[in-house]
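1. Provide a 3D model corresponding to the input given below.
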Amino acid sequence: QVQLVESGGGLVQAGGSLRLSCAASGRIFSINSMGWYRQAPGKQRELVATITSAGSTDYADFVKGRFTISRDNPWNTVYLQMNSLKTEDTAVYYCNADLRNAWYRQGSGYWGQGTQVTVSS
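-> Numbers count the residues shown, from 1 in each chain. The predicted structure follows:
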């Protein structure tokens, strides 16, 4: 009933930039927060950046100053602008949303299918 569709991944050289997008659709009453996570081969999924309904943002230390999370208003799309990419940023990037799909329900987490980002040296 809720879909998160990511786009914008690809192959880029170190030092380059990419912009990821994630569009939420379906039965959505309100969105509490959205964010980006990533998972590299052999590693656990880790938080990259989040943005709340109030517009507050939070970043992992390893992307501070390089990545920027933003959203549309009204809110159904979140973006991740990634600059000064490093080879260690190579991973599958997943969109996450904490949202309510009815006024009487608590927030629940939803995930996109992931988009591959590969940074070459």
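
2. what's the spatially most central residue of the chain sitting at in phi/psi?
-> With distances taken as CA atoms, centre = their mean, Trp36 lies nearest the centre of the chain, 2.5 Å away. Dihedral pair for Trp36: phi -120, psi 140, per degrees, to the nearest 10.

3. Strands along the chain, start to end?
-> With DSSP state E as the criterion, the chain has strands at 2-7, 10-13, 18-26, 30-39, 46-52, 57-59, 67-71, 77-82, 91-100, 108-111, 115-120.

4. can you redo these as TSV with mean pLDDT?
-> Formatted as TSV, the strands of the chain follow (pLDDT from 0 to 100):
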stretch	mean pLDDT
strand 2-7	95
strand 10-13	98
strand 18-26	96
strand 30-39	96
strand 46-52	97
strand 57-59	98
strand 67-71	97
strand 77-82	97
strand 91-100	96
strand 108-111	95
strand 115-120	98
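
5. From Ser30, how far off is Arg45?
-> According to CB to CB, to the nearest Å, Arg45 and Ser30 sit 25 Å apart. The C-beta positions use only the backbone N, C-alpha and C, and glycine is treated the same way.

6. If you could redo that for Lys64, that was the one I meant.
-> Lys64 sits 28 Å away from Ser30, taking CB to CB as the criterion.

7. quick one, which of those two is more surrounded?
-> With neighbours defined as other CB atoms under 10 Å, Lys64 and Ser30 compare such that Ser30 has more, 13 against 10.

8. Look up which residues are beta-bridged to that one.
-> Beta-bridge partners of Ser30, counted by DSSP bridges, are Arg100.

9. same check, this time on Tyr94
-> With DSSP bridges as the rule, Tyr94 is bridged to Tyr37.

10. these two touch, right, it and Val5?
-> No: assessed by CB atoms under 8 Å, Tyr94 is found out of contact with Val5, at 11.7 Å.

11. Common neighbours of the two, please.
-> Applying CB atoms under 8 Å, 6 or more residues apart in numbering, one finds that Tyr94 and Val5 are jointly contacted by Gly112, Gln113.

12. Give me the more crowded residue out of those two.
-> Neighbour tally, Tyr94 and Val5, criterion other CB under 10 Å: the higher count belongs to Tyr94, 20 against 14.
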